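Visitor: just to be clear, the model below is a prediction. Sequence and coordinates:
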Amino acid sequence: MTKKYEIILNYIKDLSIEIPNAETFIFSRENITNYTLGLNITTNPIKNETIEVITKLNYKDTKNNKRKSYFEISYATVIKLKDKGIKKDQLEKLILCELQNEIYPRLEKIFLHSIKDAGFPDMKLEKKIDFEKLYQQRLN
């Protein structure tokens, strides 16, 4: 199967690690298993069948703790569509599944290394994101 897009470039658009103080850092390290991963994907049409896709991951404590650390990355991928006649539903699936499956391993690696370098050496994400499943849930 031929890819319907070409990745022109990708880059870290924004990276944020917020640890307000040492007390929060210690509390966060002890409670990092309470944190959950969030995902948001947005697009920005550029021109000439070119689209900027922003994949944003955040890792945060969903409990009502006062001492919280916060981790977020926005990863931009600019793609050029090879098929000018691509239908809207095909484009959605391309952006939300195919492209994400291609870029996510690198994005996850960058994000995890950043969190580890911030002082959380044992950090790992337990669940892998199933983009196809998320896409199907979105349709239902």
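Guide: Good, I have the coordinates.
Visitor: shaky segments in this structure?
Guide: The model of the chain has pLDDT under 70 over residues 1.
Visitor: quick one: the helices in it?
Guide: 22-31, 88-93, 99-117, 131-139 (DSSP state H).
Visitor: out of these, which is closest to residue 10?
Guide: Comparison of the helices of the chain against residue 10 by C-beta to C-beta identifies helix 99-117 as nearest, at 6.4 Å. No exception for glycine: its C-beta is placed from N, CA and C like everyone else's.
Visitor: so residue 37 is in contact with residue 124, correct?
Guide: No. Applying C-beta atoms under 8 Å, one finds residue 37 not in contact with residue 124, separated by 11.2 Å.
Visitor: on that earlier part again, which of the helices of the chain sits closest to residue 16?
Guide: Comparing these by C-beta to C-beta, helix 99-117 comes nearest, at 9.5 Å.
Visitor: in that closest one, which residues are buried?
Guide: By 16 or more other C-beta atoms under 10 Å, the buried positions in helix 99-117 come out as 99, 100, 102, 103, 104, 107, 108, 111, 112, 114, 115.
Visitor: export that helix as PDB, just CAs?
Guide: This file holds the C-alpha atoms of helix 99-117, laid out as PDB (Å, rounded to 0.1, in the frame of the first residue of the first chain):
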ATOM      1  CA  LEU A  99       0.500   9.300  10.800                       C
ATOM      2  CA  GLN A 100       0.300   8.800  14.600                       C
ATOM      3  CA  ASN A 101       1.400   5.200  14.300                       C
ATOM      4  CA  GLU A 102       4.400   6.400  12.300                       C
ATOM      5  CA  ILE A 103       5.500   9.300  14.600                       C
ATOM      6  CA  TYR A 104       4.400   8.100  18.000                       C
ATOM      7  CA  PRO A 105       7.400   5.900  18.800                       C
ATOM      8  CA  ARG A 106       9.800   8.800  18.400                       C
ATOM      9  CA  LEU A 107       7.400  11.200  20.200                       C
ATOM     10  CA  GLU A 108       7.100   8.800  23.200                       C
ATOM     11  CA  LYS A 109      10.800   8.300  23.300                       C
ATOM     12  CA  ILE A 110      11.500  12.100  23.400                       C
ATOM     13  CA  PHE A 111       8.800  12.600  26.100                       C
ATOM     14  CA  LEU A 112      10.000   9.800  28.300                       C
ATOM     15  CA  HIS A 113      13.600  10.900  28.100                       C
ATOM     16  CA  SER A 114      12.600  14.400  29.100                       C
ATOM     17  CA  ILE A 115      10.700  13.200  32.100                       C
ATOM     18  CA  LYS A 116      13.500  10.800  33.100                       C
ATOM     19  CA  ASP A 117      16.000  13.700  32.700                       C
END
